[in-house]
Structure formats: structure tokens, C-alpha cells
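Asks: Got a predicted model here, sequence first, then my questions.
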Amino acid sequence: MAELKCILWDVDGTLADTERDGHRVAFNMAFEEAGLERRWDVTTYGELLAVTGGKERIRFDHQRRDLAAPSTDDIARLHASKTRHYQNLIASGRIPLRPGVRRLLEEAYASGITLGVATTTTPAALDALIEHSLGSEWFDRFAVLAAGDIVPAKKPAPDIYTYAMDQLGVSSHETLAMEDSGNGWKSASAAGLKCVVTINDYTKDHDFSGADLVVSELGEPDFPPVHVFENRHGLKHLEYIALSHLQDIMRG
Ligand code: XBP
Ligand code: MG
């Protein structure tokens, strides 16, 4: 039994539904800008999400179509262009936070819980989301922003979670992960963390067996109740997810 001391948040799909209308669109804009014919439709992009990381995803797309991979420099250039387009999309305010995210972040912060980010996304993309969707005060409120290539092995490897915990000086027994995908859950689990999963359209069929709580979203007190798919700790009153639920998961 342990007390909840730290919550590490995934970003894409967890803080906000950034993939379909954010990252995917930005990749396509970068392809167009580079004079490439390739476009990723909504279904194709869902398949490509099997690989985390934008540069890795471009490479994977070539591999699975048996095409010669572009050079590392070409991928880096394409990805830099994609990141610029993504920043502009986020700055236009078209990607809101998911329900309950701000409420739970505020509640945890006010309660003195250490908050951090553990994501595969490029730091510049993360910064854009914090600035335009969350608010600049969160640059200081998050005690660590662990993102992108800071670790060589991206999710599902545990490295980004381990890195964030090392930076914070917290242990896996007192830290909870918030995730949305199978790769994210595997990463958190491999780092020894308990994990709450909020699924989305791209991740609803992923394998979350063993996760502590799997729900449709974090929800809000005045919204319809969330759908509960896994509730390993027998938590009660799950109409929406409150900080007390996360504390109960750690004690359970
Ligand atoms: C997120 C990702 C990222 C984004 C794109 O995974 O897979 O690759 O799709 O990010 P997770 P970049 O939510 O599990 O961290 O293009 O900035 O790499
Ligand atoms: Mg995610």
C-alpha cells in the first residue's frame, strides 16, 4: 500500500485528442509541402499508430509498403516541417483538452501532488499544446516535461517513465500513469507503474489487460457518467474520475 505522490501524464490521446485532427493533418501538410503524393487517411493513420514517434512512423510507413526508407536527414526535415504545421494547428485552438483533464490536473496540483509529463511527442509539439490548450502557467506546474528523443527507446519501452521518475526523485510505488493507448500502458507497466487508461476511437480495441482502471474519459460531474471497461480495485462512484479514485488505486 502506498500514497499517491506523483502523476505522470501522457499527452497525445490523453490530455487531448491530438492524433486524428492534429498530428495526422500536420503530417499530410508536410508531405504536400515536400511535393510528396503520400497522404495518411484516418484509417491508415490508426494502423500507423502501432509505432510511436513521428520520425519512426514515417519510416514504418515506408517499411510496410516495401519502399526504400528516406534518409535520416530527409525524415528529420519532413518531421521538422510537420512539427511547424502541428504548432500552427494547435495555436489555432482547434484541439481542446479531453473532458475532466483540467479538473483533475487542478485538483491534483492544489493537493500538492507532483505532476509531470511522459510522452513520445517532440518537445516543441508538447510546448504548443501546453501554451494554447492548457495555459502557460502549466510550464511551471509540471515538475518534469519528459518528451521525444530525450530517451532513445520510445513507448512501449519503459524509458520515458523511468527518466521522468529519475528526474523527480520519485519511485514507481508512489507514481500513477495516465494513458490512452496500448503502447502507453505497456510503457507505464514496464516501468512498474499503476495506470489509468482513458480510451479513444483509435485505442478502444487495444489490449489493456492488467491496467488498474480503463474508462471512456475522465468525465465531469455534470456530464453523463463515464463508461467503465476495467475496474481492478472495485472503485465506487465512477460517474467521473476524481483524485480520490486515483488515491484509492494506489492504496489498493
Ligand atoms: C504519441 C505519438 C507521437 C505523435 C507524434 O504516443 O505516437 O508520435 O503521434 O509525435 P504517446 P511526434 O501518446 O504514446 O506518447 O511527431 O512529435 O514525434
Ligand atoms: Mg497517448
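Replies: Everything's here; your move. Ligands and ions are numbered 1, 2, ... in the order given.

Asks: Secondary structure class of residue 203, three-state.
Replies: Look at residue 203: counting by DSSP: H, G, I helix; E, B strand; the rest coil, its state is coil.

Asks: Quick check: closest non-adjacent residue to it.
Replies: Ranked by Cβ to Cβ, 6 or more residues apart in numbering and with sequence neighbours excluded, the top spatial neighbour of residue 203 is residue 181, at 4.5 Å. For every residue, glycine as well, the C-beta is placed using N, CA and C.

Asks: again, but for residue 164
Replies: residue 146 (4.0 Å).

Asks: The one you found falls within a helix, correct?
Replies: No - counting by three-state DSSP, residue 146 is not found in a helix; it is strand.

Asks: start the count at 857, not 1, going forward
Replies: With 857 as the first residue, the last one maps to residue 1002.

Asks: wait, isn't it in contact with residue 975?
Replies: Yes - look at residue 1002 against residue 975 with Cβ atoms under 8 Å: they come within range, at 7.1 Å.

Asks: how about the nearest residue to residue 946, chain neighbours excluded?
Replies: residue 984 (4.2 Å).

Asks: my bad, should have said residue 1071
Replies: Among residues not flanking residue 1071 along the chain, residue 1082 sits closest, at 4.7 Å (Cβ to Cβ, 6+ apart).

Asks: Report the separation between that neighbour and residue 876.
Replies: The gap separating residue 1082 from residue 876 is 21 Å, by Cβ to Cβ, to the nearest Å.

Asks: interface residues of the stretch 907-1056 of the chain facing ligand 1?
Replies: Contact residues (Cβ under 6 Å from any ligand atom) of the stretch 907-1056 of the chain with ligand 1: 908-910, 975-978, 981, 1011, 1037, 1039-1040.

Asks: how about the residue nearest to residue 1020, what does it touch?
Replies: 864, 972-975, 1016-1017, 1019-1020, 1023 (Cβ atoms under 8 Å, 6 or more residues apart in numbering).

Asks: which residues are common contacts for residue 1002 and residue 975?
Replies: Common neighbours of residue 1002 and residue 975 (Cβ under 8 Å, 6+ apart) are residue 1016.

Asks: By proximity to ligand 1, which residue of the chain wins?
Replies: Residue nearest to ligand 1 within the chain: residue 910 (2.1 Å; Cβ to the nearest ligand atom).

Asks: which SS class is residue 962?
Replies: Under three-state DSSP, residue 962 comes out as helix.

Asks: Near it, how many residues? Count them for me, please.
Replies: By the measure other Cβ atoms under 10 Å, the count of residues near residue 962 is 12.

Asks: ditto for residue 906
Replies: Residue neighbour count, defined by other Cβ under 10 Å, stands at 13 for residue 906.

Asks: again, but for residue 1065
Replies: 8.

Asks: That one - that's part of a helix, no?
Replies: No - secondary structure assignment (three-state DSSP) places residue 1065 in coil, not in a helix.

Asks: Quickly note the distance from it to residue 1053.
Replies: According to Cβ to Cβ, residue 1065 and residue 1053 sit 11 Å apart.

Asks: Give me the contact list for whatever helix or strand residue 945 lives in.
Replies: Following DSSP states H and E, one finds residue 945 within helix 928-947. With contact meaning Cβ under 8 Å, 6+ apart, helix 928-947 is reached by 874, 877-879, 881-883, 885-887, 889-890, 910-911, 914-915, 925-926, 951, 978, 980-981, 984-985, 987-989.
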